[in-house]
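Chemist: Sharing a model prediction with you, sequence too.
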Amino acid sequence: MAYTAISKSTDYFNSKLYTGTTNAQSLTGVGFQPDMTWIKVRNDTAYHVIQDAVRGATGTDTYSLITNAEAGDNTDAITSFNSDGFTVGTDANDRSNQNGKNHVAWNWRAGAGAGSSNTDGSINTTSTSVNTTGGFSICKYTGTGANATVGHGLGAAPKMIITKSITHTSNWGVYHKSIGANKMLNLNSSAAEATNNGYFNDTDPTTTVFSLGDEGNDTNGSGKGYIAYCFAEKTGFSKFGKYTGNGSADGTYVHLGFQPAFILFKIYNSTSNWRIFDNKRIGYNVDNNPVYPNVNNAEGTEDNIDLLSNGFKWRTTDGALNGSGNNYIYAAFAAHPTVGSNNVSSKAR
């Protein structure tokens, strides 16, 4: 497919900081209508809330560190996705609008709404919302319990996919190109990678579909409903890769080709929490604080990373981030795109 240059990263991904009130509030300044919003209370313990437009805002939140089905009875978290942000309700559970607490919301743009069925795979999706320019789609499907494929609509092979059953208890299944389709990680777990052909059928995604094995719970249980978040790499805007730590305080540098606005990390050959860094919380080097997707902790205070004009660099010997010989995966999105209309990276800003 033809390449479309991204001139403004915040048209497709943006972070929003806000203070909770427990009263319904409309939050603006995202820069687009989100199709997926991921919220975490920063200075208190609370579940991570993830909602998307394919399932609809009200009453369909899921929590990244637990295995429950979606909370279909929760009508007070995100109540609508709006043209420049989203509205949070009264939030009796204190996860998205906790009174006086600081919150961060990470927002992605897909197809600006619920989308429509994709019939490219052996499973026809209930709905797929897709943005090929930003490289993000959301797929809702029903599992078969047998090897199958699902259309993602991106026109490019996804480098990362996150799946979750919305009707049953399950783990959050993670495919990452850097570890391969015969391996799996769980977003709700600190565990190292494990070999499991049942998750993604030991088959990397194509430009049209991703594959599912006969795993009966986390990705493809018979008759169970699922949501899948699919990410394709876009030069100068997003990158999904791996690196090896050097165990030095003058740590490993990872070249992205852009200044990162958001980075998700996991050591995959050992046990440790997932971590998220972004350029809005604190946002200056070296004081960039982590949030942990697989636990409900408040954000950390350790100073470990420099977010640079063209990548990131570790300033720690911490084995979870930069241990000598340890292997890590990441997913990164840009603060500013660094690519021209010819799909060639330009100079960093």
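Modeler: Good, I have the coordinates. Nothing here was measured: the structure is a model prediction, and the numbers come from that model.
Chemist: Now for the nearest residue to Gly115 once chain neighbours are set aside, how many residues are close by?
Modeler: Nearest residue to Gly115, sequence neighbours excluded (CB to CB, 6 or more residues apart in numbering): Ser129, at 3.3 Å. (Glycine included, C-beta is placed from N, CA and C.) Using other CB atoms under 10 Å, Ser129 has 25 other residues around it.
Chemist: does Ser129 sit in a helix, a strand or a coil?
Modeler: Under DSSP: H, G, I helix; E, B strand; the rest coil, Ser129 falls in the strand class.
Chemist: could you check the distance from it over to Ser64?
Modeler: 20 Å (CB to CB, to the nearest Å).
Chemist: Tell me what the residue nearest to Gly115 is bridged to.
Modeler: Beta-bridge pairing of Ser129 under DSSP bridges involves Ile138.
Chemist: the domain parsing of the protein - what is it?
Modeler: 11-108, 127-231, 238-336 (automatic domain parsing).
Chemist: where does the stretch 51-200 of the chain have low pLDDT?
Modeler: Counting by pLDDT under 70, the stretch 51-200 of the chain contains low-confidence ranges at 58-61, 71-76, 92.
Chemist: if you set the cut-off to 90 instead, what comes out?
Modeler: Along the stretch 51-200 of the chain, the parts satisfying pLDDT under 90 run over 56-78, 89-95, 112-114.
Chemist: Val174 is in contact with Met160, isn't it?
Modeler: Yes. Counting by CB atoms under 8 Å, Val174 touches Met160, with 7.2 Å between them.
Chemist: Which one's more surrounded, the two?
Modeler: Between Val174 and Met160, counted using other CB under 10 Å, the more crowded position is Val174 (29 against 21).
Chemist: Surely that one is in a helix?
Modeler: No. The assignment for Val174, made by three-state DSSP, is strand rather than a helix.
Chemist: so where do the helices sit in the stretch 151-300 of the chain?
Modeler: 197-200 (DSSP state H, counting those that start in this stretch).
Chemist: where do the strands sit along it?
Modeler: With DSSP state E, counting those that start in this stretch, the ranges of strands along the stretch 151-300 of the chain come out as 160-165, 173-176, 183-186, 194-195, 209-212, 225-231, 238-244, 253-255, 259-267, 275-278.
Chemist: any chance of these in a markdown table, with distance to Ser7 too?
Modeler: Listed next are those as a markdown table, based on distance: least, CB to CB, whole Å:
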| stretch | distance to Ser7 |
| --- | --- |
| strand 160-165 | 24 |
| strand 173-176 | 28 |
| strand 183-186 | 33 |
| strand 194-195 | 41 |
| strand 209-212 | 29 |
| strand 225-231 | 20 |
| strand 238-244 | 15 |
| strand 253-255 | 22 |
| strand 259-267 | 15 |
| strand 275-278 | 21 |
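Chemist: now, of those, which is deepest in the fold?
Modeler: strand 173-176 (a mean of 27; mean count of other CB atoms under 10 Å).
Chemist: Parallel or antiparallel, list what pairs with it.
Modeler: Strand 173-176 is paired, per DSSP bridges, with strand 160-165 (antiparallel), strand 183-186 (antiparallel).
Chemist: Now render those as a markdown table, adding distance to Lys239.
Modeler: Below are the strands paired with strand 173-176 laid out as a markdown table (distance: least, CB to CB, whole Å):
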| stretch | distance to Lys239 |
| --- | --- |
| strand 160-165 | 10 |
| strand 183-186 | 18 |
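Chemist: just checking, Asp31 touches Asp11?
Modeler: No Asp there; residue 31 is Gly. Yes. If you go by CB under 8 Å, Gly31 and Asp11 touch, sitting 6.3 Å apart.
Chemist: For Leu308, list the residues it contacts.
Modeler: By CB atoms under 8 Å, 6 or more residues apart in numbering, the residues touching Leu308 are 253, 259, 285.
Chemist: which residues does it bridge with?
Modeler: The residues that Leu308 bridges to, once DSSP bridges is applied, are Gly311.
Chemist: Report pLDDT for it.
Modeler: pLDDT recorded at Leu308 is 95.
Chemist: Over to the one 4 residues further on?
Modeler: For Phe312, the pLDDT comes out at 97.
Chemist: just the one 3 residues further on next, same as before
Modeler: The pLDDT attached to Arg315 in the predicted structure is 94.
Chemist: returning to what we had before: and Gly31 and Asp11? Which one has more around it.
Modeler: Set side by side, Gly31 and Asp11 show more neighbours around Gly31, with 19 against 16, by other CB under 10 Å.
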